[in-house]
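[1] Build me a structure from this.
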Amino acid sequence: ETSTTTSSLSTGSWWCAQGGWPSKQPRTTTEIFFVFQGFGCLTDRDGRRHFFGPGDTVVLPKGWSGRWDVAEPIHKVWFVHDHENIEEDTSTTIRVRVIHYNDLVAPHSMPPLKVREDDATKHG
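    Residues are numbered from 1 along each chain as shown. Below you'll find the model as predicted:
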């Protein structure tokens, strides 16, 4: 693992082999990470599961607790923000949020690529 800290923001990369462990203590920071490789699951305190894999962005909010399960070795880059308040409603379960890569840019919303006529002769 490598890391850098600047005031209330830390960044780094992390690799982890298969396995699982409880994360019982509520987080004291918010972590956002991007998955380069591997597959895993984060389970909220109430049992709701959130699967993630390559290309996904995951948010672990301040106050979250639950369980980590790594199905295939994971390599991720992470950003941790140390902030004062818990933003979520603490009377309910604080949930992980997974933004799957295909939700960021839906293939059907991208226009087809075309070769410009003026570039066709230059680029073969």
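
[2] Settle this for me: P73 is touching F36, isn't it.
    No: in this structure, P73 is not within contact of F36 by Cβ atoms under 8 Å, at 10.8 Å. Bear in mind the C-beta positions are built from the backbone N, C-alpha and C, glycine included.

[3] How about the contacts made by the nearest residue to I74 once chain neighbours are set aside?
    Leaving aside its sequence neighbours, I74 sits nearest to G38 (Cβ to Cβ, 6 or more residues apart in numbering; 3.3 Å). When contacts are counted by Cβ atoms under 8 Å, 6 or more residues apart in numbering, G38 touches C16, G53, P54, V70, A71, E72, P73, I74, H75, K76.

[4] repeat that with 10 Å
    15-18, 52-54, 70-76 (Cβ atoms under 10 Å, 6 or more residues apart in numbering).

[5] next one: Q18
    G38, F39, G40, D69, V70, A71, E72, P73, I74.

[6] tell me the pLDDT at the fifth one?
    Predicted confidence (pLDDT) for V70: 98.

[7] For it, which non-adjacent residue is closest in space?
    V70's closest residue in space is G40 (Cβ to Cβ, 6+ apart), at 4.6 Å.

[8] distance of that neighbour from E84?
    29 Å (Cβ to Cβ, to the nearest Å).

[9] okay, the two: which has more neighbours?
    Neighbours were counted for G40 and for E84 using other Cβ atoms under 10 Å; G40 has more, 23 against 6.

[10] is it true that that one touches W21?
    No: counting by Cβ atoms under 10 Å, W21 is not a contact partner of G40; they are 11.4 Å apart.

[11] got any residues that touch both of those two?
    W68, D69, V70.

[12] Buried ones among those residues?
    W68, V70 (16 or more other Cβ atoms under 10 Å).

[13] In helices, which of the shared contacts of G40 and W21 fall?
    With helices defined by DSSP state H, no entry of the shared contacts of G40 and W21 lies inside them.
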